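Enquirer: Sequence below, structure please.
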Amino acid sequence: MRKKIASDNGISLRSVYRYEKSYREGQFAGLVPASRQKQRVQNLPVDFDTLLAETIQLRKEVPERSVNQIITILELEGRAAPGVLKRSTLERHLYKAGFGSEHLRMYQDARESSSKRFCKPHRMMLVQADIKYGPKLPIGRNGAKVQTYLSSAIDDHSRYLLHSRFYDNQERS
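Expert: As a prediction, this is how the structure comes out:
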């Protein structure tokens, strides 16, 4: 019967014996997989959080910097002792923080494609205008506050601001 159960379920005969033993010792609770705690101990420097913040700052300044270059910079500046920071550990933490090389490449690609996608090829081919609410100013009768509106026009290709002015009503813009 054990052989048939093992072959029907695609497990070894030895596993069937282990399951029987676990059931005899702990009933159904004995069949539940035991949770395991990670035994891995990280030997990170005490000031690792500040080192990570400096690493992120260095990556923001020059996104093309490799992790090895960042480690060299931190070691030469005396921020980290030589050999304390490991490339794989720093890469893992940079990736968690959203500054891995894949993230930066994705952001760069998105920045290039989005600005090119919605941009006319030459200056003054398209001028865009918009009106936004401005601050309420005391310019009405007897110092009453009046809603102002900002009217602006911008060149689509160069993003050059052609005109911008506040008005006290939307009809005058």
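
Enquirer: Can you pull the phi/psi pair for the nearest residue to residue 123 once chain neighbours are set aside?
Expert: Leaving aside its sequence neighbours, residue 123 sits nearest to residue 157 (CB to CB, 6 or more residues apart in numbering; 4.9 Å). Every C-beta, even on glycine, is put in place using the N, C-alpha and C of the backbone. Recorded main-chain torsions at residue 157 are phi -80, psi -50, according to degrees, to the nearest 10.

Enquirer: Residue 157 contacts residue 121, correct?
Expert: Yes: between residue 157 and residue 121 there is a contact at 6.9 Å, judged by CB atoms under 8 Å.

Enquirer: Of the two, which one has the most company?
Expert: residue 157 (14 against 8; other CB atoms under 10 Å).

Enquirer: where's the nearest residue to residue 80 once chain neighbours are set aside relative to residue 136, distance?
Expert: Residue nearest to residue 80 in three dimensions, not counting chain neighbours: residue 74, with 4.5 Å by CB to CB, 6+ apart. Look at residue 74 and residue 136: by CB to CB, to the nearest Å, they are 51 Å apart.

Enquirer: what does residue 82 give?
Expert: Separation of residue 82 from residue 136 (CB to CB): 60 Å.

Enquirer: cool, residue 130 as well?
Expert: Distance, residue 130 to residue 136, using CB to CB: 20 Å.

Enquirer: Give the residue from the two that has the larger number of neighbours.
Expert: A direct count of neighbours by other CB under 10 Å for residue 130 and residue 136 places residue 136 higher, at 12 against 9.

Enquirer: neighbouring strands for the helix or strand containing the more buried one, and are they parallel or not?
Expert: Using DSSP states H and E, residue 136 sits within strand 127-137. Its sheet considered, strand 127-137 pairs with strand 146-155 (antiparallel) by DSSP bridges.

Enquirer: tell me which residues of the partner strand are tucked away?
Expert: By 16 or more other CB atoms under 10 Å, the buried positions in strand 146-155 come out as 148-149, 151, 154-155.

Enquirer: ok, and what's touching it?
Expert: Residues outside strand 146-155 that contact it (CB atoms under 8 Å, 6 or more residues apart in numbering) are 123-124, 126-140, 160-170, 173.

Enquirer: Go again with 10 Å.
Expert: 120, 122-140, 160-173 (CB atoms under 10 Å, 6 or more residues apart in numbering).

Enquirer: buried subset of those?
Expert: The buried subset of these (16+ other CB under 10 Å) is empty.

Enquirer: in the chain, which spans are helices?
Expert: Using DSSP state H, the helices of the chain run over residues 2-9, 13-26, 48-61, 67-76, 87-96, 101-117.
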